[in-house]
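> 3D model of this:
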Amino acid sequence: MALKSNGSIVGWGWGSYGEADPPRGNDFIAIAAGSDHSLALKSDGSIVGWGNNDRGQARPPKGKDFVAIAAGRSHSLALKSDGSIVGWGDKSAMEKPILPRPETKEKAKVVEVKNVSSLKSIKPPPKTIIRLTVEDKISIDLVYIKPGSFTMGRDVGVGEKLTSKIGELGMVGKYPDDWPARKVKITKGFYIGKYKVTSTQFCKFLNTIDNPQDHVKLNKYARIEMKDGAYVPKAGCENGAINIVHWKGAVAFCDWLGSQTGLTVRLPTEAEWEFAARGPEGRTHPWGKKENVKWIEWPGEEYKKYPHPWSCAPVDAFPDNVTPDGVVGMAGIIGEWCSDFYGVRYLKKDVVDPQGPTEEDLSDKSLNPFDEKYHVFRGRLSFSGPREFGDTGGSGIYGFRIVVVHPKDG
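Residues are numbered from 1 along each chain as shown. Here you go, the predicted model:
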(Lines give C-alpha, C1' and ligand atoms only; values in the text may rest on other atoms or scores of the structure.)
Protein backbone atom coordinates (compact mmCIF):
# COMPACT_ATOMS: atom_id res chain seq x y z
CA MET A 1 0.00 0.00 0.00
CA ALA A 2 0.95 3.62 -0.42
CA LEU A 3 -0.44 6.92 0.82
CA LYS A 4 -0.60 9.59 -1.86
CA SER A 5 -0.05 13.31 -1.39
CA ASN A 6 -3.75 13.97 -1.99
CA GLY A 7 -4.70 11.81 0.99
CA SER A 8 -5.86 8.77 -0.97
CA ILE A 9 -4.55 5.20 -0.65
CA VAL A 10 -3.53 2.74 -3.35
CA GLY A 11 -2.88 -0.96 -2.88
CA TRP A 12 -1.48 -3.75 -5.03
CA GLY A 13 -0.28 -7.34 -4.85
CA TRP A 14 -1.78 -10.48 -3.32
CA GLY A 15 -4.77 -9.78 -1.11
CA SER A 16 -6.83 -12.90 -0.41
CA TYR A 17 -8.80 -11.07 2.31
CA GLY A 18 -9.11 -7.79 0.46
CA GLU A 19 -6.29 -6.23 2.50
CA ALA A 20 -4.84 -4.69 -0.68
CA ASP A 21 -8.14 -3.04 -1.62
CA PRO A 22 -8.24 0.17 0.45
CA PRO A 23 -11.37 2.29 0.90
CA ARG A 24 -11.87 5.32 -1.30
CA GLY A 25 -11.37 8.82 -0.04
CA ASN A 26 -8.73 11.54 0.23
CA ASP A 27 -8.81 12.27 3.95
CA PHE A 28 -6.26 9.69 5.11
CA ILE A 29 -3.06 10.71 6.91
CA ALA A 30 -1.44 7.38 7.84
CA ILE A 31 -1.61 3.70 6.90
CA ALA A 32 -0.49 0.42 8.47
CA ALA A 33 -0.28 -3.05 6.92
CA GLY A 34 -0.56 -6.23 8.98
CA SER A 35 -0.16 -9.83 7.83
CA ASP A 36 -3.53 -9.91 6.12
CA HIS A 37 -5.36 -6.84 7.37
CA SER A 38 -4.83 -3.11 6.93
CA LEU A 39 -5.58 0.10 8.81
CA ALA A 40 -5.81 3.76 7.90
CA LEU A 41 -5.93 6.85 10.10
CA LYS A 42 -8.19 9.63 8.90
CA SER A 43 -7.66 13.36 9.26
CA ASP A 44 -10.53 13.58 11.76
CA GLY A 45 -8.68 11.21 14.12
CA SER A 46 -10.78 8.11 13.40
CA ILE A 47 -9.51 4.73 12.16
CA VAL A 48 -10.83 2.42 9.46
CA GLY A 49 -9.83 -1.21 8.95
CA TRP A 50 -10.25 -3.84 6.25
CA GLY A 51 -9.07 -7.34 5.31
CA ASN A 52 -9.03 -10.45 7.52
CA ASN A 53 -10.99 -9.88 10.71
CA ASP A 54 -11.04 -13.37 12.22
CA ARG A 55 -9.58 -12.08 15.51
CA GLY A 56 -11.18 -8.65 15.38
CA GLN A 57 -7.89 -7.09 14.22
CA ALA A 58 -9.56 -5.10 11.41
CA ARG A 59 -12.33 -3.71 13.62
CA PRO A 60 -10.84 -0.59 15.26
CA PRO A 61 -12.43 1.13 18.25
CA LYS A 62 -14.66 4.12 17.67
CA GLY A 63 -13.43 7.58 18.42
CA LYS A 64 -11.68 10.57 16.84
CA ASP A 65 -8.73 11.09 19.17
CA PHE A 66 -6.18 8.77 17.57
CA VAL A 67 -2.81 10.05 16.32
CA ALA A 68 -0.88 6.93 15.23
CA ILE A 69 -1.59 3.31 14.25
CA ALA A 70 0.26 0.00 13.92
CA ALA A 71 -0.80 -3.41 12.56
CA GLY A 72 0.67 -6.77 13.58
CA ARG A 73 -0.01 -10.33 12.42
CA SER A 74 -3.40 -10.60 14.07
CA HIS A 75 -3.60 -7.58 16.34
CA SER A 76 -3.58 -3.81 16.05
CA LEU A 77 -2.51 -0.85 18.18
CA ALA A 78 -3.32 2.85 18.21
CA LEU A 79 -1.86 5.81 20.07
CA LYS A 80 -4.36 8.34 21.43
CA SER A 81 -3.86 12.07 21.75
CA ASP A 82 -3.63 11.79 25.55
CA GLY A 83 -0.59 9.51 25.21
CA SER A 84 -2.39 6.25 26.04
CA ILE A 85 -2.35 3.13 23.85
CA VAL A 86 -5.26 0.87 22.90
CA GLY A 87 -5.06 -2.56 21.32
CA TRP A 88 -7.50 -4.93 19.66
CA GLY A 89 -7.48 -8.30 17.92
CA ASP A 90 -5.62 -11.39 19.15
CA LYS A 91 -4.60 -10.45 22.70
CA SER A 92 -2.30 -13.49 22.97
CA ALA A 93 -0.10 -11.82 20.34
CA MET A 94 0.09 -8.55 22.26
CA GLU A 95 2.38 -7.63 25.12
CA LYS A 96 1.24 -5.00 27.53
CA PRO A 97 2.63 -1.73 26.15
CA ILE A 98 5.45 -0.13 28.16
CA LEU A 99 4.39 3.42 28.81
CA PRO A 100 6.74 6.21 29.77
CA ARG A 101 7.04 6.80 33.50
CA PRO A 102 4.59 9.63 34.23
CA GLU A 103 6.15 12.80 35.49
CA THR A 104 5.86 13.23 39.23
CA LYS A 105 3.21 15.81 39.88
CA GLU A 106 4.54 16.67 43.30
CA LYS A 107 8.26 17.23 43.64
CA ALA A 108 9.91 15.77 46.68
CA LYS A 109 10.51 18.24 49.48
CA VAL A 110 14.17 18.57 50.52
CA VAL A 111 14.84 19.15 54.22
CA GLU A 112 18.34 19.87 55.52
CA VAL A 113 19.47 17.77 58.46
CA LYS A 114 22.62 18.39 60.51
CA ASN A 115 22.05 16.52 63.76
CA VAL A 116 19.71 14.27 65.74
CA SER A 117 17.36 17.04 66.88
CA SER A 118 16.79 18.27 63.33
CA LEU A 119 15.99 14.73 62.16
CA LYS A 120 13.67 14.09 65.11
CA SER A 121 11.52 17.01 63.98
CA ILE A 122 10.84 15.33 60.64
CA LYS A 123 8.02 12.88 60.22
CA PRO A 124 9.23 10.75 57.30
CA PRO A 125 6.63 11.06 54.53
CA PRO A 126 7.47 9.26 51.26
CA LYS A 127 8.02 12.50 49.33
CA THR A 128 10.57 14.02 51.70
CA ILE A 129 14.28 13.91 50.92
CA ILE A 130 16.60 14.65 53.80
CA ARG A 131 19.88 16.38 52.96
CA LEU A 132 22.51 15.38 55.50
CA THR A 133 25.17 18.07 55.71
CA VAL A 134 28.48 18.28 57.58
CA GLU A 135 29.61 21.91 57.57
CA ASP A 136 31.14 22.59 54.15
CA LYS A 137 32.50 19.07 53.78
CA ILE A 138 29.69 16.79 52.66
CA SER A 139 26.05 16.95 51.59
CA ILE A 140 24.20 13.67 51.00
CA ASP A 141 20.56 13.28 49.94
CA LEU A 142 18.57 10.35 51.37
CA VAL A 143 15.08 9.02 50.71
CA TYR A 144 12.81 7.19 53.12
CA ILE A 145 11.93 3.51 52.70
CA LYS A 146 8.91 2.60 54.79
CA PRO A 147 8.60 -0.80 56.53
CA GLY A 148 7.15 -3.72 54.62
CA SER A 149 7.52 -7.30 53.43
CA PHE A 150 8.88 -8.79 50.23
CA THR A 151 10.18 -12.04 48.75
CA MET A 152 13.97 -12.04 48.96
CA GLY A 153 16.02 -14.31 46.71
CA ARG A 154 14.61 -16.91 44.39
CA ASP A 155 13.72 -20.59 44.19
CA VAL A 156 16.47 -22.82 42.81
CA GLY A 157 15.95 -26.04 40.85
CA VAL A 158 17.60 -29.39 41.49
CA GLY A 159 20.24 -28.79 38.82
CA GLU A 160 21.29 -25.48 40.33
CA LYS A 161 21.36 -26.96 43.82
CA LEU A 162 23.72 -29.65 42.52
CA THR A 163 25.90 -26.92 41.00
CA SER A 164 25.86 -25.20 44.35
CA LYS A 165 27.01 -28.40 46.08
CA ILE A 166 29.88 -28.74 43.61
CA GLY A 167 30.78 -25.13 44.31
CA GLU A 168 30.88 -25.78 48.04
CA LEU A 169 33.21 -28.70 47.62
CA GLY A 170 35.52 -27.56 44.86
CA MET A 171 34.72 -23.94 44.01
CA VAL A 172 34.10 -24.95 40.38
CA GLY A 173 32.74 -21.87 38.65
CA LYS A 174 29.98 -19.66 40.03
CA TYR A 175 27.22 -21.44 41.91
CA PRO A 176 23.77 -20.04 42.75
CA ASP A 177 23.82 -18.25 46.10
CA ASP A 178 20.62 -16.18 46.11
CA TRP A 179 18.38 -18.92 47.50
CA PRO A 180 16.13 -20.07 49.03
CA ALA A 181 13.42 -17.53 48.30
CA ARG A 182 11.69 -16.54 51.50
CA LYS A 183 9.28 -13.91 52.73
CA VAL A 184 11.23 -11.23 54.59
CA LYS A 185 9.81 -8.56 56.86
CA ILE A 186 11.46 -5.17 57.35
CA THR A 187 9.89 -3.83 60.54
CA LYS A 188 11.56 -0.41 60.69
CA GLY A 189 11.74 2.31 58.07
CA PHE A 190 15.11 3.77 57.11
CA TYR A 191 16.66 6.51 55.03
CA ILE A 192 18.94 5.31 52.25
CA GLY A 193 21.26 7.35 50.06
CA LYS A 194 19.55 8.63 46.94
CA TYR A 195 22.89 8.14 45.19
CA LYS A 196 26.07 6.18 45.81
CA VAL A 197 28.76 8.01 47.77
CA THR A 198 30.85 10.02 45.31
CA SER A 199 34.60 10.29 44.84
CA THR A 200 34.55 13.88 46.11
CA GLN A 201 32.62 12.95 49.25
CA PHE A 202 34.92 10.05 50.05
CA CYS A 203 38.06 12.13 49.48
CA LYS A 204 36.85 14.69 52.02
CA PHE A 205 36.51 11.88 54.54
CA LEU A 206 39.94 10.43 53.73
CA ASN A 207 41.60 13.81 54.13
CA THR A 208 40.28 14.28 57.69
CA ILE A 209 41.26 10.94 59.26
CA ASP A 210 44.41 9.11 60.28
CA ASN A 211 45.77 6.30 58.11
CA PRO A 212 43.39 6.88 55.19
CA GLN A 213 45.42 4.48 53.05
CA ASP A 214 43.88 1.60 55.04
CA HIS A 215 40.48 2.26 53.48
CA VAL A 216 41.17 2.38 49.73
CA LYS A 217 43.31 0.68 47.14
CA LEU A 218 44.65 3.05 44.50
CA ASN A 219 45.12 1.34 41.15
CA LYS A 220 44.64 2.01 37.45
CA TYR A 221 40.86 1.80 37.83
CA ALA A 222 40.67 4.24 40.73
CA ARG A 223 38.61 7.39 40.31
CA ILE A 224 40.74 9.18 42.91
CA GLU A 225 44.47 9.87 43.23
CA MET A 226 47.05 11.47 45.51
CA LYS A 227 48.14 15.05 44.75
CA ASP A 228 50.29 17.16 47.06
CA GLY A 229 49.68 14.78 49.93
CA ALA A 230 45.88 14.76 49.65
CA TYR A 231 43.29 12.52 48.04
CA VAL A 232 41.47 14.17 45.13
CA PRO A 233 39.07 12.93 42.44
CA LYS A 234 40.56 12.42 39.00
CA ALA A 235 39.46 14.94 36.41
CA GLY A 236 35.93 14.12 35.25
CA CYS A 237 35.29 11.77 38.20
CA GLU A 238 34.30 14.34 40.82
CA ASN A 239 30.66 13.26 40.90
CA GLY A 240 31.24 9.63 39.98
CA ALA A 241 30.73 6.91 42.56
CA ILE A 242 33.81 6.00 44.58
CA ASN A 243 34.93 2.60 43.27
CA ILE A 244 37.93 1.29 45.25
CA VAL A 245 36.65 1.21 48.83
CA HIS A 246 37.42 -1.63 51.22
CA TRP A 247 34.43 -2.86 53.22
CA LYS A 248 36.05 -1.51 56.39
CA GLY A 249 36.54 1.83 54.61
CA ALA A 250 32.81 2.05 53.86
CA VAL A 251 32.03 1.27 57.50
CA ALA A 252 34.59 3.87 58.65
CA PHE A 253 32.97 6.52 56.43
CA CYS A 254 29.59 5.78 58.04
CA ASP A 255 31.08 5.91 61.54
CA TRP A 256 32.83 9.20 60.75
CA LEU A 257 29.64 10.73 59.37
CA GLY A 258 27.77 9.56 62.45
CA SER A 259 30.39 11.11 64.75
CA GLN A 260 30.03 14.43 62.91
CA THR A 261 26.23 14.52 63.20
CA GLY A 262 25.29 12.35 66.20
CA LEU A 263 23.09 10.26 63.91
CA THR A 264 23.14 6.50 63.43
CA VAL A 265 24.80 6.10 60.03
CA ARG A 266 25.64 2.65 58.67
CA LEU A 267 25.69 0.43 55.64
CA PRO A 268 22.38 -1.14 54.59
CA THR A 269 21.83 -4.78 55.43
CA GLU A 270 21.53 -6.94 52.34
CA ALA A 271 17.80 -7.32 53.04
CA GLU A 272 17.34 -3.55 53.30
CA TRP A 273 19.30 -3.06 50.09
CA GLU A 274 17.21 -5.61 48.19
CA PHE A 275 13.97 -4.26 49.66
CA ALA A 276 14.86 -0.77 48.43
CA ALA A 277 15.71 -2.21 45.01
CA ARG A 278 12.78 -4.61 44.56
CA GLY A 279 10.03 -3.10 46.68
CA PRO A 280 7.13 -5.03 48.20
CA GLU A 281 5.83 -5.73 44.69
CA GLY A 282 8.99 -7.67 43.76
CA ARG A 283 10.23 -5.64 40.80
CA THR A 284 12.46 -7.48 38.32
CA HIS A 285 14.80 -4.49 38.25
CA PRO A 286 14.98 -1.43 40.50
CA TRP A 287 13.09 0.64 37.90
CA GLY A 288 10.56 -2.05 36.94
CA LYS A 289 10.38 -4.86 34.40
CA LYS A 290 11.80 -3.32 31.23
CA GLU A 291 14.93 -5.10 29.94
CA ASN A 292 17.93 -3.89 27.93
CA VAL A 293 17.80 -0.30 29.01
CA LYS A 294 20.52 2.07 27.90
CA TRP A 295 22.15 2.59 31.29
CA ILE A 296 23.08 -1.09 31.72
CA GLU A 297 24.39 -1.85 28.24
CA TRP A 298 28.00 -1.23 29.21
CA PRO A 299 30.11 -0.25 27.40
CA GLY A 300 27.23 1.23 25.41
CA GLU A 301 26.69 4.55 23.72
CA GLU A 302 25.49 6.22 26.93
CA TYR A 303 28.53 5.21 28.95
CA LYS A 304 30.89 6.23 26.14
CA LYS A 305 30.09 9.83 27.03
CA TYR A 306 32.23 9.52 30.13
CA PRO A 307 35.96 8.96 30.76
CA HIS A 308 37.28 5.43 30.91
CA PRO A 309 38.35 3.04 32.35
CA TRP A 310 35.20 1.90 34.10
CA SER A 311 33.18 4.80 32.68
CA CYS A 312 33.20 7.57 35.27
CA ALA A 313 29.57 8.57 34.85
CA PRO A 314 28.16 10.97 37.48
CA VAL A 315 25.92 9.28 40.03
CA ASP A 316 22.94 11.20 38.62
CA ALA A 317 23.77 10.57 34.95
CA PHE A 318 20.90 8.12 34.37
CA PRO A 319 17.79 9.46 36.14
CA ASP A 320 15.59 6.71 34.67
CA ASN A 321 17.64 4.13 36.60
CA VAL A 322 15.52 4.90 39.64
CA THR A 323 13.16 3.11 41.99
CA PRO A 324 9.61 4.38 42.60
CA ASP A 325 10.88 5.67 45.96
CA GLY A 326 13.55 7.76 44.21
CA VAL A 327 16.74 5.72 44.84
CA VAL A 328 19.02 6.19 41.81
CA GLY A 329 21.57 3.82 40.30
CA MET A 330 20.97 0.58 42.20
CA ALA A 331 22.05 -1.36 39.10
CA GLY A 332 25.26 -0.40 37.34
CA ILE A 333 28.94 -1.15 36.94
CA ILE A 334 29.84 -0.27 40.55
CA GLY A 335 28.62 -2.63 43.29
CA GLU A 336 27.53 -1.56 46.76
CA TRP A 337 28.76 -2.90 50.07
CA CYS A 338 26.21 -4.26 52.54
CA SER A 339 26.78 -4.85 56.24
CA ASP A 340 26.24 -8.63 56.09
CA PHE A 341 28.79 -11.40 56.09
CA TYR A 342 28.57 -13.50 52.93
CA GLY A 343 27.24 -17.06 52.86
CA VAL A 344 26.61 -19.23 49.80
CA ARG A 345 22.91 -19.37 50.64
CA TYR A 346 20.41 -17.49 52.77
CA LEU A 347 19.51 -18.65 56.26
CA LYS A 348 15.90 -19.85 56.16
CA LYS A 349 14.97 -18.55 59.61
CA ASP A 350 16.61 -15.14 59.14
CA VAL A 351 13.41 -13.50 57.93
CA VAL A 352 12.60 -10.59 60.26
CA ASP A 353 15.01 -7.69 59.77
CA PRO A 354 17.66 -10.14 58.48
CA GLN A 355 21.25 -9.42 59.46
CA GLY A 356 22.89 -12.24 57.50
CA PRO A 357 25.08 -14.97 59.00
CA THR A 358 27.17 -14.34 62.11
CA GLU A 359 30.90 -14.99 62.27
CA GLU A 360 30.08 -18.16 64.21
CA ASP A 361 27.69 -19.29 61.45
CA LEU A 362 30.53 -18.99 58.94
CA SER A 363 32.42 -21.80 60.65
CA ASP A 364 29.97 -24.09 58.81
CA LYS A 365 31.80 -24.97 55.60
CA SER A 366 28.53 -25.65 53.79
CA LEU A 367 27.71 -21.97 54.32
CA ASN A 368 31.21 -20.55 53.90
CA PRO A 369 33.56 -22.80 51.89
CA PHE A 370 36.31 -20.17 51.92
CA ASP A 371 39.31 -19.79 54.18
CA GLU A 372 38.38 -16.13 54.70
CA LYS A 373 35.19 -14.43 55.90
CA TYR A 374 33.82 -12.04 53.31
CA HIS A 375 31.07 -9.44 53.08
CA VAL A 376 28.25 -9.02 50.58
CA PHE A 377 28.06 -6.40 47.90
CA ARG A 378 25.12 -5.95 45.55
CA GLY A 379 23.92 -4.05 42.52
CA ARG A 380 26.78 -4.69 40.12
CA LEU A 381 25.64 -5.92 36.72
CA SER A 382 27.69 -9.04 36.30
CA PHE A 383 27.62 -12.47 34.73
CA SER A 384 28.16 -14.05 38.14
CA GLY A 385 24.70 -13.23 39.49
CA PRO A 386 23.04 -10.68 41.76
CA ARG A 387 25.23 -11.35 44.83
CA GLU A 388 28.96 -10.88 45.06
CA PHE A 389 31.46 -10.85 47.89
CA GLY A 390 34.83 -9.56 48.96
CA ASP A 391 36.46 -7.28 51.51
CA THR A 392 39.00 -5.11 49.71
CA GLY A 393 38.23 -2.67 46.94
CA GLY A 394 40.81 -3.83 44.42
CA SER A 395 39.39 -3.83 40.91
CA GLY A 396 37.39 -0.65 40.50
CA ILE A 397 33.92 -2.06 41.24
CA TYR A 398 33.55 -1.41 44.98
CA GLY A 399 31.30 1.43 46.10
CA PHE A 400 28.50 1.95 48.61
CA ARG A 401 25.59 4.09 49.75
CA ILE A 402 24.65 4.91 53.32
CA VAL A 403 21.67 4.33 55.58
CA VAL A 404 20.55 6.78 58.26
CA VAL A 405 18.25 5.56 61.00
CA HIS A 406 15.48 7.86 62.18
CA PRO A 407 15.68 8.27 65.99
CA LYS A 408 12.21 6.78 66.46
CA ASP A 409 13.38 3.62 64.64
CA GLY A 410 16.79 3.46 66.33
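
> Kindly spell out which helices and strands sit in contact with whichever helix in the chain runs longest.
Longest helix in the chain, counting residues (DSSP state H): helix 247-261. Secondary-structure packing of helix 247-261 (3 or more C-beta pairs under 8 Å, 6 or more residues apart in numbering; DSSP states H and E): strand 128-134, helix 199-206, strand 264-266, strand 335-341. Placement of C-beta: from N, CA and C, glycine included.

> winner for burial among these?
Per-stretch averages of neighbours, counted by mean count of other C-beta atoms under 10 Å, single out strand 335-341 among these, with a mean of 25.

> Give me the buried positions along the longest helix of the chain.
Within helix 247-261, the residues scored as buried using 16 or more other C-beta atoms under 10 Å are 247, 249-254, 256-258, 260-261.

> Contacts for that helix next, please.
113-116, 132, 134, 137-138, 140, 197, 202, 205, 208-209, 214-216, 245, 263-267, 337, 339, 375, 377, 390-393, 400, 402 (C-beta atoms under 8 Å, 6 or more residues apart in numbering).

> mind running it again at 7 Å?
114-115, 132, 134, 197, 202, 205, 209, 215-216, 264-267, 337, 375, 391, 393, 400, 402 (C-beta atoms under 7 Å, 6 or more residues apart in numbering).

> which residues of this protein score low on pLDDT?
91-107, 124-127, 156-176, 292-304, 306-311, 382-385, 393-394, 410 (pLDDT under 70).

> how's it carved up into domains?
Domain assignment of the chain by automatic domain parsing yields the ranges 2-93, 102-410.

> how about the helices and strands packed on helix 247-261 in CSV, adding distance to residue 224?
Compiled in CSV, these are given as follows (distance: least, C-beta to C-beta, whole Å):
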stretch, distance to residue 224
strand 128-134, 19
helix 199-206, 5
strand 264-266, 21
strand 335-341, 17
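
> With respect to residue 237, which of these lies nearest?
Comparing these against residue 237 with C-beta to C-beta, the closest turns out to be helix 199-206 (5.1 Å).

> so what does that closest one touch, helix or strand wise?
strand 138-145, strand 230-233, helix 247-261 (3 or more C-beta pairs under 7 Å, 6 or more residues apart in numbering; DSSP states H and E).

> quick one: residue 49 is in a strand?
Yes. Under DSSP: H, G, I helix; E, B strand; the rest coil, residue 49 sits within a strand.

> and residue 280, which of the helices and strands packed on helix 199-206 is closest to it?
Across the helices and strands packed on helix 199-206, residue 280 has its closest neighbour in strand 138-145 (10.3 Å, C-beta to C-beta).

> Buried residues of that closest one, list them for me.
By neighbour count on 16+ other C-beta under 10 Å, the buried set for strand 138-145 is 138, 140-145.

> could you give the angle of that strand to helix 199-206?
Counting by axes from the mean of the first three to the mean of the last three C-alpha atoms, to 10 degrees, strand 138-145 points 110 degrees away from the direction of helix 199-206.

> What residues does residue 69 make contact with?
Counted by C-beta under 7 Å, 6+ apart, residue 69 has contacts 30, 32, 39, 41, 47, 78.

> now, among those, which is nearest to residue 149?
Checking these against residue 149 by C-beta to C-beta gives residue 78 as the nearest, at 39.6 Å.

> Give the bridge partners for the closest one, please.
As for beta bridges, residue 78 partners with residue 69, residue 86 under DSSP bridges.

> Now do it against residue 374, distance only.
According to C-beta to C-beta, to the nearest Å, residue 78 stands 54 Å off from residue 374.

> So for those two, which sits in the more crowded spot?
For residue 78 versus residue 374, the count of surrounding residues by other C-beta atoms under 10 Å is larger for residue 78: 23 against 18.

> Run through the residues that contact that one.
47, 60, 66, 68-69, 86.

> what's the residue nearest to the spatial centre of the chain in contact with, if anything?
The structure's the chain has its C-alpha centroid closest to residue 286; by C-alpha atoms, centre = their mean the separation is 3.2 Å. Listed by C-beta under 7 Å, 6+ apart, the contact partners of residue 286 are 277, 321, 323, 330-331.

> Distance to residue 235 for those residues - can I get that in a markdown table?
A markdown table is the format used below for the contacts of residue 286 (distance: C-beta to C-beta, whole Å):
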| residue | distance to residue 235 |
| --- | --- |
| 277 | 31 |
| 321 | 24 |
| 323 | 31 |
| 330 | 27 |
| 331 | 26 |
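
> Closest one of those to residue 367?
Nearest to residue 367 among the contacts of residue 286: residue 277, at 23.7 Å, using C-beta to C-beta.

> which other helices and strands contact whatever helix or strand the closest one lives in?
In this assignment (DSSP states H and E), residue 277 forms part of helix 270-278. Judged by 3+ C-beta pairs under 7 Å, 6+ apart, the packing partners of helix 270-278 are strand 148-152, strand 182-186, strand 335-341, strand 375-378.

> if you set the cut-off to 10 Å instead, what comes out?
With contacts defined as 3 or more C-beta pairs under 10 Å, 6 or more residues apart in numbering; DSSP states H and E, the packing partners of helix 270-278 are strand 138-145, strand 148-152, strand 182-186, strand 190-193, strand 335-341, strand 375-378, strand 403-405.

> Could you save these as JSON lines and add columns showing distance to residue 220?
Conversion of the helices and strands packed on helix 270-278 to JSON lines gives the following (distance: least, C-beta to C-beta, whole Å):
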{"stretch": "strand 138-145", "distance to residue 220": "27"}
{"stretch": "strand 148-152", "distance to residue 220": "36"}
{"stretch": "strand 182-186", "distance to residue 220": "39"}
{"stretch": "strand 190-193", "distance to residue 220": "27"}
{"stretch": "strand 335-341", "distance to residue 220": "18"}
{"stretch": "strand 375-378", "distance to residue 220": "20"}
{"stretch": "strand 403-405", "distance to residue 220": "31"}
